[in-house]
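Engineer: Quick one: sequence and predicted model below, then my questions.
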Amino acid sequence: MHDKQLSTEELIAQDVGARTPAGAMARVIAGLALLWSLFQLWIASPLPFIFNFAVLNNTETRAIHLAFALLLAFLAFPAFKKSPRDRVPLLDVALGLVAAASAAYLFIFYQDLAQRPGSLTTADLVTACIGIPLLLEATRRALGPPLAIIALIFLIYSLAGPYMPGLLAHRGVSFTAMANHQWITTEGVFGIALGVSTSFVFLFVLFGALLERAGAGHYFIQLAFSLLGHLRGGPAKAAVVASGLTGMISGSSIANVVTTGTFTIPMMKRTGFSAEKAGAVEVASSVNGQIMPPVMGAAAFLMVEYIGMPYVDIIKHAFLPAAISYIALLYIVHLESLKLGLQPIGGHQPKPWLRRLTGFAFGAALISGLSLAVYYGLGWLKPALGDYALEGIGALLALVYLGLLKIAASVAPLAPEDPDAPLDSLPQTRAVLLSGLHFLLPVVVLVWCLMIERLSPGLSAFWGSVMLVIILLTQRPLLSWLRTDGQHEHGTFIDGLIDLREGLLAGARNMIGIGIATAAAGIIVGAVSQTGVGLVLADLVELLSMGNLLLMLMLTAVFSLVLGMGLPTTANYIVVSSLLAPVVVTLGQQNGLIVPLIAVHLFVFYFGIMADVTPPVGLASFAAAAVSKGDPIKTGITAFYYSLRTAALPFLFIFNTDLLLIDVDFWHGVLIFVVATVAMLIFAAGTQGFFLVRSRWYESLALLLVAFTLFRPGFWMDMLHDPYRDTPPAQLEQTLGEVEAGSELRLRVRGEDAVGDPREFAVLLPVPDGASGAERLQKIGLLTYEDAGKLLIDSVSFASPAAEAGLEFDQEILRVRAPTERWTKELIWLPGFLLFALIVWLQRRRTPQALPLSV
């Protein structure tokens, strides 16, 4: 495990160009990283409040967080390619200390700054003038030029507003105002993005690093390999599952690629995949880990702050598309294996389908039973134990941990990872499964705290990390003590301490780039809020799209890809969401499409992470090519081809929010999951040009048409029967009285935007209960009057449904559309399935009898 860990860290360091100094400076960097991790654990824990010591507010913690990140960035990352890698020049030490002091300025002088908000002193201005350039330089070193250049452009744009041409012009801001906004307040560098990095992201990255150091990464890979290795292209399918499991916690696509890829890519190559295809499979599955709840590359926690939606709701909405995408990637790997004519490892024949299905059903039932037992068991324990619930549940966890370690001690430990080992046999699933069940306990604690206790993400990650610290310190001596065969030695408590230290160091090292990225992205967010450039971008996208909604979404997708090039996932999401999410909402409203905010943020997030795949700057593709020794551009193109399903999903859930489980009951959600999964598999077959046999061009087109029909049945049903009927605006009250309570009216409204320009937009108005239209109108909070044949809004009640919908005084209601009775849109699925059956029949006629259809 140690050898593998070191090689992985060296590969990551080599990929990002980081230093690996020796001697005293190595110890200094390690000490700072260790202090940073311990500081983050301290502020996330309840200990400061228990001891009433070092209780810090958000601004103070953000300042210390950035000070650590800046100092470590200058010490760990060289200035240029030719700069020394084995030592740290004195200039870099000086720059790091000055940068850290500039960030710590907000902590040291917090009380003074709080007493004079907006009043900038010379010391404040000098600190900002030093801090911002050094932050940009740290960004260039740690992440490359793209993010630093984008942030610099936004700084220049803030100052040069009056000199900009036409559409881009704004009133501009003074140099002093910009310095104050960006560095001294919490609107720019020290804003929400850095706050999320401080409060949530670090703890989850640390959680992932500790989990990996404990041996869970190796366990997940071996478990996936033992479960899927006997299938066609088994190592590739194992890579997909293992990358999904590690990607859920990891905050970096690159780290995910090199962590799992060092083992899976060589195995894929030896089973018949080319270097480029092996790398592309790893890239597609690793990048997809960023869209999988519960962590989503830390974007889930940023969405909590930006959207104002509870964390549990965000992961509920994000789960279905992510799960469908992963299932489709497994199917793509299977199709590639069929194309290449790959056989199971060692000639191992697949199990009969009935036995396989029974095994899957038993596994699912076992996991569901355990989940229910944990949920209801602990739910019963809490009220029963009362004030001693924490101690009681802690004791129960300790007993379960000891029991799982006893089970692990009854089987042989996992063999160390060796990509060059012969692939003539597979590890036994039962032995692999039993050897690491205790690694699931921290995940159970994390999910329990998040989903059931509804603790903050930071505090949940803290308790999960506490469980991991206990495992790291005790698993080695306990396994040695519990093992009775005397054949294996797992190490001592000292080895556990070393594991803990290395895990804390790895977590801090992985966070340097993310901490710097969120701070630099804060410059962009600050410039947007100070200059109003978001409105300019909306006008630009509207101008280029000529009012066409689909073209507008495609432009937004391209902008997201371009802006996301070279950026880590977290910074990526901050940039594209702050610039483009309001654009999609505004232009969607103007085109009559009411887009939920969560759908918009997921849309830009999906295309932001696609930048990690897309040539010529796909960083994850370059990392995979470094492992596979393949061509990075070809790897990126192939990975993008595999990721087309991820690119299609955002468009689908913008137009069909059922995929995000918005206003969907349980059984309808199950039906949507099944049909959407089938649709995505059909889409994958259509894009890969292979289903039962190699598809003809018209069969591929038909498969894509079937997939579209299953995803968006409402598109065809709307053509057959309009879901709304037009009524005169003057009859709004009467229409409200006629429609069913719980339905929605669609209004077309004309008003003014934030700068006084006229605009038209659509709103959905929920219809409340009420005996009459007048009563319902009052409950909505809307008072209207007629003037010269126009229906105008006289007043809108505060915090009413009308106010939440965006209605305001003096707007004109141009159009009222009431829902109509029509057949359910899901009936369109029937002709879709009939067309699919026709394609199956056509391809089965060409299927050679020698080609087995089983996996």
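Structural biologist: Thanks, I have it.
Engineer: And the strands in the stretch 651-800 of the chain?
Structural biologist: Listed in chain order, the strands of the stretch 651-800 of the chain (DSSP state E, counting those that start in this stretch) span 724-727, 744-752, 758-766, 782-787, 790-796.
Engineer: List the buried residues in the fourth one.
Structural biologist: Judged by neighbour count (16 or more other Cβ atoms under 10 Å), strand 782-787 contains these buried residues: 782, 784. C-beta here means a position set from N, CA and C on the backbone, and glycine is covered the same way.
Engineer: elements contacting that strand?
Structural biologist: Other elements packing on strand 782-787 under the criterion 3 or more Cβ pairs under 8 Å, 6 or more residues apart in numbering; DSSP states H and E are strand 790-796.
Engineer: Quick check: what element follows the host helix or strand of Ile523 along the chain?
Structural biologist: According to DSSP states H and E, Ile523 maps onto helix 493-531. Reading on from helix 493-531 to the C-terminus, the next helix or strand found by DSSP H and E is helix 533-545.
Engineer: Just the angle for that following helix relative to strand 758-766, thanks.
Structural biologist: On the basis of axes from the mean of the first three to the mean of the last three Cα atoms, to 10 degrees, helix 533-545 is oriented at 100 degrees to strand 758-766.
Engineer: now helix 533-545 against helix 493-531, angle please.
Structural biologist: Going by the same axes, to 10 degrees, helix 533-545 is angled at 80 degrees with respect to helix 493-531.
Engineer: what is the mean pLDDT for helix 533-545?
Structural biologist: Mean pLDDT, helix 533-545: 74.
Engineer: in it, what's buried?
Structural biologist: 533-542, 545.
Engineer: tell me which strands and helices it is in contact with?
Structural biologist: Looks like helix 533-545 contacts helix 549-564, helix 569-590 (3+ Cβ pairs under 8 Å, 6+ apart).
Engineer: and among those helices, the most buried is which?
Structural biologist: For the helices and strands packed on helix 533-545, the largest average neighbour count (mean count of other Cβ atoms under 10 Å) is found in helix 569-590, namely a mean of 25.
Engineer: Which strands and helices lie in contact with it?
Structural biologist: Packed against helix 569-590 by the contact rule (3+ Cβ pairs under 8 Å, 6+ apart) you find helix 145-159, helix 192-196, helix 299-307, helix 493-531, helix 533-545, helix 549-564, helix 597-610, strand 758-766.
Engineer: Could you pull out the buried residues of the fourth one?
Structural biologist: This means helix 493-531. The neighbour-count check on helix 493-531 (16+ other Cβ under 10 Å) flags 495-496, 498-528, 530-531 as buried.
Engineer: quick one, what contacts Trp286?
Structural biologist: That one is not Trp; residue 286 is Ser. 243, 247, 253, 256-257, 260-261, 620, 624 (Cβ atoms under 8 Å, 6 or more residues apart in numbering).
Engineer: Among those, give me the pair with the biggest separation.
Structural biologist: Gly247 and Ala624 (13.7 Å; Cβ to Cβ).
Engineer: For the residue lying closest to Thr687 once chain neighbours are set aside, grab the count of nearby residues.
Structural biologist: Nearest residue to Thr687, sequence neighbours excluded (Cβ to Cβ, 6 or more residues apart in numbering): Leu644, at 5.1 Å. When neighbours are defined as other Cβ atoms under 10 Å, Leu644 has 18 of them.
Engineer: you'd agree Met164 is up against Ser158?
Structural biologist: No - checked against Cβ atoms under 8 Å, the pair Met164 and Ser158 is beyond contact range at 10.7 Å.
Engineer: Those two: which has the busier surroundings?
Structural biologist: Ser158 (25 against 14).
Engineer: and the more buried one, what is it in contact with?
Structural biologist: Counting by Cβ under 8 Å, 6+ apart, Ser158 has contacts 172-173, 178, 527, 530-531.
Engineer: do Ser465 as well
Structural biologist: Contacts here follow Cβ under 8 Å, 6+ apart; on that basis Ser465 touches 41, 203, 206-207, 210, 442.
Engineer: Going by distance to Phe708, which of the buried residues of helix 533-545 wins?
Structural biologist: Phe708 lies nearest to Ser545 out of these, by Cβ to Cβ, at 21.3 Å.
Engineer: from what I can see the closest one touches Phe559, true?
Structural biologist: No - between Ser545 and Phe559 there is no contact under Cβ under 8 Å: 11.3 Å.
Engineer: returning to what we had before: of the helices and strands packed on helix 569-590, give the one that comes closest to Met25.
Structural biologist: Set against Met25 and scored by Cβ to Cβ, the helices and strands packed on helix 569-590 come closest in helix 493-531, at 14.4 Å.
Engineer: and the closest one with helix 145-159, angle?
Structural biologist: Using the same axes, to 10 degrees: helix 493-531 against helix 145-159 is 30 degrees.
Engineer: How far away from the center of its chain is helix 493-531?
Structural biologist: 16 Å (Cα atoms, centre = their mean, to the nearest Å).
Engineer: could you give the angle of that helix to helix 299-307?
Structural biologist: Helix 493-531 runs at 30 degrees relative to helix 299-307, counting by the same axes, to 10 degrees.
Engineer: for the stretch 601-750 of the chain, which spans come out with low pLDDT?
Structural biologist: Across the stretch 601-750 of the chain, the ranges flagged by pLDDT under 70 are 616-617.
Engineer: Show me where it has its helices.
Structural biologist: Along the stretch 601-750 of the chain, the stretches classed as helices by DSSP state H, counting those that start in this stretch are 619-628, 632-642, 644-655, 666-688, 697-711, 713-720, 732-738.
Engineer: which other residues reach the third one?
Structural biologist: What it means is helix 644-655. Residues from elsewhere that reach helix 644-655 (Cβ under 8 Å, 6+ apart): 284, 287-288, 291, 321, 324-325, 328-329, 332, 553, 557, 584, 588, 593, 595, 599-600, 602-603, 606-607, 610, 659-660, 680, 683-684, 687, 711-712, 714-715.
Engineer: Could you report the neighbour count for the closest residue to Asp539 other than its chain neighbours?
Structural biologist: Distance criterion Cβ to Cβ, 6+ apart; nearest residue to Asp539, sequence neighbours excluded, is Leu167 at 6.0 Å. By other Cβ under 10 Å, 10 other residues sit near Leu167.
Engineer: how near is Leu167 to Leu446?
Structural biologist: Using Cβ to Cβ, to the nearest Å, Leu167 is found at 47 Å from Leu446.
Engineer: again, but for Val670
Structural biologist: Relative to Leu446, and taking Cβ to Cβ, Val670 is found at 26 Å.
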